[in-house]
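S.K.: sequence-free structure coming up:
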């Protein structure tokens, strides 16, 4: 038997925001030493470097230059801070797709 459940107005939005916040709070390990770029591609300026094993929080993800790295080939780039991007192929997310909101 199925019951109709009535939720308070806006409850769906609160649940969705909680899911996004939980995903954003996850950290992921860097698979190999990698340059951090100012944008989603190797033509963007280098703004830092991360060592293998460093854990990062992915704020959002966006398509950019296609890169082949230790976890495969992808055009997905992970924003790990303001003006700080790494190719998703250097981050062990356990997925070939989006694990964070799109930028």
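M.R.: It's in. Since the structure is predicted, the reported quantities are computational estimates derived from the model, not experimental observations.
S.K.: C-alpha only now, for contacts and for neighbours.
M.R.: OK.
S.K.: any weak-confidence spans in this protein?
M.R.: The model of the chain has pLDDT under 70 over residues 1-25.
S.K.: quick one: the strands in this protein?
M.R.: 27-30, 34-37, 46-50, 55-57, 60-69, 72-81, 84-87, 91-92 (DSSP state E).
S.K.: for the shortest one, packing partners?
M.R.: Contact analysis of strand 91-92 by 3 or more CA pairs under 8 Å, 6 or more residues apart in numbering; DSSP states H and E lists strand 27-30 as its packing neighbours.
S.K.: tell me the contacts of the most centrally placed residue in the chain?
M.R.: Among the residues of the chain, the one closest to the centroid is residue 58, at 3.9 Å (CA atoms, centre = their mean). Listed by CA atoms under 8 Å, 6 or more residues apart in numbering, the contact partners of residue 58 are 24, 26-28, 78-81, 100.
S.K.: circling back to that earlier point, can you say which of the strands of the chain is packed in most?
M.R.: strand 84-87 (a mean of 26; mean count of other CA atoms under 10 Å).
S.K.: quick one, what contacts the nearest residue in space to residue 39 that is not next to it in sequence?
M.R.: Among residues not flanking residue 39 along the chain, residue 85 sits closest, at 5.7 Å (CA to CA, 6 or more residues apart in numbering). Residue 85 makes contact with 36-40, 77-79, according to CA under 8 Å, 6+ apart.
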